[in-house]
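Novice: curious how this folds, go ahead:
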Amino acid sequence: MSYHYSMVIQWSQEDQLFLVHLPEFPWQEFHTHGRTYEEAAKNGQEVIEAFVEMLTAENKPLPEPRMLPTKPLKVA
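Specialist: Sure thing, here's the model as predicted:
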């Protein structure tokens, strides 16, 4: 299933991995990782799905997805 949650993927020189942060699930800084960007994105999607299943099973509300501004962005 596809969810519209944010995923921040950044390279960690120290770990030599791409680290994944999920802003709508802020209880920890990084949630998963991957050796490649693609692997990190896939792992991030799996963690989102697991969090949604867990919260649903516990009858807890799902976080609201962060939305981009609806106004057009002005580029200088």
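Novice: please count neighbours and contacts with C-alpha atoms only from this point.
Specialist: OK.
Novice: all helices of this protein, in order?
Specialist: Assigned by DSSP state H, the chain shows helices spanning 37-57.
Novice: point out where it drops to low pLDDT.
Specialist: Regions of the chain meeting the criterion pLDDT under 70 cover residues 1-2, 69, 73.
Novice: cutoff 90 now
Specialist: Residues of the chain that meet the criterion pLDDT under 90 lie in 1-4, 26-30, 66-76.
Novice: ok, E64 touching E24?
Specialist: Yes. Look at E64 against E24 with C-alpha atoms under 8 Å: they come within range, at 7.2 Å.
Novice: those two: which is more packed in?
Specialist: Comparing E64 with E24 by other C-alpha atoms under 10 Å, the one with more neighbours is E24, at 15 against 10.
Novice: thought the more buried one was touching V52?
Specialist: No. Using C-alpha under 8 Å, E24 and V52 do not qualify as a contacting pair, with a distance of 11.2 Å.
Novice: could I get the full set of strands for the protein?
Specialist: Counting by DSSP state E, the chain has strands at residues 8-12, 17-21, 32-34.
Novice: in JSON lines, list the ones you listed along with mean neighbour count and distance to L68.
Specialist: Below are the strands of the chain laid out as JSON lines (neighbours: other C-alpha atoms under 10 Å; distance: least, C-alpha to C-alpha, whole Å):
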{"stretch": "strand 8-12", "mean neighbour count": "15", "distance to L68": "14"}
{"stretch": "strand 17-21", "mean neighbour count": "21", "distance to L68": "17"}
{"stretch": "strand 32-34", "mean neighbour count": "20", "distance to L68": "24"}
